[in-house]
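Colleague: sequence-free structure coming up:
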């Protein structure tokens, strides 16, 4: 027999059923009554310093857990968060954005309340969210509310994208039926049948290409099986990096087209079969579209479609197809494909007196990583550097995929560290969360360090201090003041943001040379410490690598040409 | 003869013509080429720590200067700023939001660029901005661009609200005709004729009521004349406070209905004529609608309408009507109205050993203010306390009007201080910018202190440290953890955010008692110092006054009732 339940309890029970343990947000006077229900529902409340930071944190948490929730207040709160929600849309994170709205009577009467434009229009901000969420729902009465909650959560999971829920301030303790709670929310899976697996057995030069939307397809575990069973050379995109085990001999890490290894590029371009999973074809995820496999040789699994050469088959489930395929796979009939030699990371040519630079820093820091670590590399030089990390098993890495909203990674680190703590509970795992971020990005959302400290999370933050927006400098305006940022004393961050003073003194490090960095990395407090630890590393204002170096050189060439023209 | 001019120069020339000297924003890869033109156009570039802060700063600047400009990048940048733009809409600040968009060829080809949803849709974010701006324009070619720029600027000025301009990254150096630049942009004024001024001469118990939208009507100088000429009792709303000279004997400051003086309320309620200017009738600006004059006795000037009793006359100009009225005014025929006795601020009952509290702090600090000061009181206890300040002549004050987005006031302080510096140039004025902000609000946007420091602005910041979101505590959830904020060491803010270490050490103050505060206020560095100075004052977690006390008592009553019910 089912009984009545308060609406807020209904919502939070649903979230708990779906694995959400922590909630992010900021209190505001239209969501306080809803917040009363968070802790009693055994949800951990993470009050963030502002709503954008909260949205970023929820995105980070959702990327690890598969769903997250954010609570903001009407107007001011939700709009502050909306760029974070847009980022979750662009990069496929299911975030439930719950907005505490004014009580129904005030909305019905079109009362000129604060947090509105004093014109009686209460639909404006919900209409804005339609552009950046996969679905929207509005709670209006007890009869329809439970179904609307179920609907909106299902949409988040189906689309793997953020959704929007309006929760009026007078509804948290409205009684509703708890009947639906007995059935878990699940995603409808289309049946699967697609021909074409003969090509697997006739391929002579095949490879597997894993992109980031594979998480939304729910096939990451299957891919691991496929990669092991076929033993075929495997690469990832920027977005796919960290979804496959880079410790396997046939996994090469990132495929960077003309910006990476020549032998890899050769293998890729001469392949006769590419199995592509979860493609996400933005310029930044594909080296300006140069790393997308040619349709003629590709079988591409995305969303509910499979594309074989130029034919798109719709309403299919990648997961079901892979299940069938793996069940019937005959590895002995597959070609024994040998990829190009793997490039090992070498430290031998690094001297202790060398100044820290993009071309040595990431190699030096790589051995710090352990199984299960979550590594976050902020848009900018950090994300580019992180592309060449060799990752331990079961680790995850976040980089610059498509949205590239600088400031994202720091609060996202808070979110992932909370998800990781939930995950490590009782497992004895000592996996850690490690952030790499430039000084420009850091200034966007730095205050969230104080929440990391309050939450007693184990996080190592590497601040790459290169005196401004280096990535913008290399794109345009190398010497322009608009690419400068204010001077901060980063070494004081931990005390300013509330860490225990002794902890702060013992856990703030700086390094300018390779030798200094080696000492920091060998330090027990970095290797086996706890709490937030901060390492400030200094690099040159125009020190970049890879694709960024290409951009810088282009700019230098233009400058030279302009100079020569002036001389003529 | 006119000549061709680069499009970016055209836009920035227009802005300079309209009095804009400083620009706010954050660089991003779709606006860098546009930013190249800022400094050469003699505009001061203020690079902010993030886009929301930039929008808030632009709002503050625009409130003083009558127009401001903000530059962000497509998607990530503009959406981060959008809550600040919405606030400018809600509270009537003309901000030109310039968004650097991807180059036209990429948009036309629907290329899957970063900062998009990789779906070829380039209209999504512009459509979002429609909800929070008075007008929108998109630059597309040389032939139409100058007119679109003129149009969008005119709309900002007509509506006194933010507007949105898309500037593609490949257009800054497109050549356009400079012909229009010879004509200044001006606002069309409707002709004016309205009958009813006979009531001025028959009134027996009149008063003048100044609300904040008077700035948009362009009548603030006329109101000063009217108030002096009639000598009638004058009050303001929260939003109107600071627009009239509180040093005049007939100006009473804020009218707070039942939350203020009884004699004022009596006079107000028995008036037979209320001249209301620039009404803005949100709950928070009107003490939940109780301070709105009754239509039966009111003549109300708003936008392009005048309301006399229940009749609304449209398409009129308040400025023109006031011109006529003042020209023909015969003060000797007006009633000599005497308002209630003025409440003077007294310090006599304050002891040095008294702990600092809401009921003594604002009185103690009031003598610090000088002619021309700009005083900013953040939403929360600070804004409520600031309502009772007695302001010097020519000063301005910003408080909690309608949008109430906490975090706004700190970047807005940066913006107003820049406007003030422009304004003070060569005048010898030593007027200062003074911010009052709670510790919760501060954490939202604290990083902008570093920009104040870099800009070498003269700002005094009072941080009211009451250990969390006190205003939320009194609304709901007095003891709930969600109203807590992380612990910060505010005294370290100036050094962390890059101030000269000696300056920081000499200009950071704390006070817990009235005596300590008096010493700080008497200090030469506060009285006649320069740069950013920070005073942390400590108050109780539930220490509130006025309307907030009413809310707190309501909550305490409910708690008591709940307790009693449990005992039964």
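Modeller: Arrived safely. Note that the coordinates shown come from a computational prediction; the quantities given were computed from them, not determined experimentally.
Colleague: middle-most residue in chain A, spatially?
Modeller: Centrality entry for chain A: nearest residue to the mean C-alpha point is residue A:398, 5.0 Å, by Cα atoms, centre = their mean.
Colleague: Quick check: pLDDT value at that one.
Modeller: In the prediction, the pLDDT value recorded for residue A:398 is 98.
Colleague: What of residue A:211?
Modeller: The pLDDT attached to residue A:211 in the predicted structure is 98.
Colleague: Would you check that it makes contact with residue A:276?
Modeller: Yes - look at residue A:211 against residue A:276 with Cβ atoms under 8 Å: they come within range, at 6.7 Å. Heads up, the C-betas are built off the backbone N, CA and C, glycines and all.
Colleague: quick one, which of those two is more surrounded?
Modeller: It is residue A:211, of residue A:211 and residue A:276, that has more neighbours when counted by other Cβ atoms under 10 Å in any protein chain shown, with 28 against 23.
Colleague: what's near enough to touch that one?
Modeller: By Cβ atoms under 8 Å, 6 or more residues apart in numbering or on different chains, the residues touching residue A:211 are A:236-237, A:239-240, A:276-280, A:285.
Colleague: go with 6 Å
Modeller: Taking Cβ atoms under 6 Å, 6 or more residues apart in numbering or on different chains, we find residue A:211 in contact with A:237, A:239-240, A:278-280.
Colleague: which of the residues you listed count as buried?
Modeller: Buried members of these, counted by 16 or more other Cβ atoms under 10 Å in any protein chain shown: A:237, A:239-240, A:278-280.
Colleague: What ranges in chain A fall below the confidence cut-off?
Modeller: Counting by pLDDT under 70, chain A has low-confidence residues at A:1-2, A:191-197.
Colleague: and for the longest helix seen in it, what are the contacting residues?
Modeller: When chain A is parsed with DSSP state H, its longest helix is helix A:546-567. The contact list for helix A:546-567, computed with Cβ under 6 Å, 6+ apart, reads A:259, A:384, A:474-475, A:478, A:544.
Colleague: how about a cut-off of 8 Å?
Modeller: A:256, A:259, A:287, A:381, A:384, A:387, A:471, A:473-476, A:478, A:542, A:544.
Colleague: ok, and for it, which residues are buried?
Modeller: If you call a residue buried by 16+ other Cβ under 10 Å, then helix A:546-567 has these buried ones: A:546-549, A:551-552, A:555.
Colleague: ok, so of those, who is nearest chain B?
Modeller: Chain B lies nearest to residue A:551 out of the buried residues of helix A:546-567, by Cβ to the nearest Cβ, at 9.9 Å.
Colleague: Quick check: the gap between the closest one and residue B:407.
Modeller: Taken as Cβ to Cβ, to the nearest Å, the spacing of residue A:551 relative to residue B:407 amounts to 35 Å.
Colleague: Among the buried ones among the contacts of residue A:211, which one sits closest to chain B?
Modeller: Distance to chain B, by Cβ to the nearest Cβ, is smallest for residue A:280 among the buried ones among the contacts of residue A:211, at 6.6 Å.
Colleague: show me the contacts for the closest one.
Modeller: Residue A:280 makes contacts with A:91-92, A:211-213, A:237, A:239, A:401-402, B:118, as judged by Cβ under 8 Å, 6+ apart.
Colleague: Next to chain B, which bits of the stretch 251-400 of chain A? Give me the list.
Modeller: Those residues of the stretch 251-400 of chain A that sit near chain B, judged by Cβ under 8 Å from any Cβ of the partner chain, are A:280-284, A:289, A:400.
Colleague: And the strands in the stretch 201-350 of chain A?
Modeller: With strands called from DSSP state E, counting those that start in this stretch, the stretch 201-350 of chain A shows them at A:206-210, A:234-236, A:251-254, A:273-277, A:298-302, A:305-308, A:311-313.
Colleague: Nearest spatial neighbour of residue A:210, chain-adjacent residues omitted?
Modeller: Computed as Cβ to Cβ, 6 or more residues apart in numbering or on different chains, the closest residue to residue A:210 that is not its neighbour in sequence is residue A:240, at 4.1 Å.
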